[in-house]
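**Q** need a 3D model of the sequence below.
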Amino acid sequence: MSDDRPDAERVRALVSGRVQGIGFRYFVMRRARELDLAGWVRNLRSGDVEFVAEGPRADLEKLIASARSGPPMSWVEKVSTTWSPARGDVTSFDLTYTV
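**A** Okay, here's the model as predicted:
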C-alpha cells in the first residue's frame with residue numbers, strides 16, 4: 001500500500017517488556033496487514049521492538065492498541081509513540097533486520 005491519501009499519518013513506536021522471542025514482530029506484521037497499513041517492524045538489540053507504520057490515524061491507533069496487548073506469552077511494559085506526517089516511502093508492511 002502506498003500511502004498518498006490525504007488522511008495518512010506516520011507513527012514510530014517502541015515497545016518494551018518481554019517482546020522478543022515470542023512472535024511479537026509477526027503479531028504486529030499480521031495486524032498491520034489486516035489494517036492495510038504500510039511500514040516495518042524489527043527487534044532492537046536493547047530487547048525492545050520498534051515499528052513504523054503509515055495509514056489513517058484510526059487504523060494506526062488500532063495497531064498501537066494491539067501492540068499494547070501483544071500476543072500470548074508477551075508482557076508489554078510500555079509503548080512509546082512519535083507521530084509525524086506520512087512520508088509515503090513504504091508500500092507494504094514487512095519484517096526487517098535487528099539493529
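
**Q** residues in contact with the residue nearest the centre of the chain?
**A** With distances taken as Cα atoms, centre = their mean, residue 51 lies nearest the centre of the chain, 3.7 Å away. Going by Cβ atoms under 8 Å, 6 or more residues apart in numbering, residue 51 touches 12, 13, 15, 28, 32, 39, 40, 41, 42, 63, 67. Backbone N, C-alpha and C define where each C-beta goes, glycine included.

**Q** narrow those to those in helices?
**A** Of the contacts of residue 51, the ones assigned to helices by DSSP state H are 28, 32, 63, 67.

**Q** quick check: the farthest pair among the residues you listed?
**A** 32 and 67 (9.6 Å; Cβ to Cβ).

**Q** thinking again about what came up before, show me which of the ones in helices among the contacts of residue 51 is closest to residue 83.
**A** Nearest member of the ones in helices among the contacts of residue 51 to residue 83, counting by Cβ to Cβ, is residue 63, at 12.7 Å.

**Q** of all the ones in helices among the contacts of residue 51, which comes closest to residue 77?
**A** Closest to residue 77, out of all of the ones in helices among the contacts of residue 51 and judged by Cβ to Cβ, is residue 67, at 11.8 Å.

**Q** for the closest one, what are its contacts?
**A** Residue 67 touches 13, 15, 28, 31, 51, 76, 79, counting by Cβ under 8 Å, 6+ apart.

**Q** what's the answer for residue 79, then?
**A** Counting by Cβ under 8 Å, 6+ apart, residue 79 touches 13, 14, 15, 16, 64, 67, 68.

**Q** hmm, back to that, which PyMOL command selects the buried ones in the contacts of residue 67?
**A** Burial among the contacts of residue 67 is assessed by 16 or more other Cβ atoms under 10 Å; the matching PyMOL selection reads:
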select buried, resi 13+15+28+31+51+76+79
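
**Q** where do the helices sit along the protein?
**A** Per DSSP H, the chain carries helices over the ranges 24-34, 57-69.
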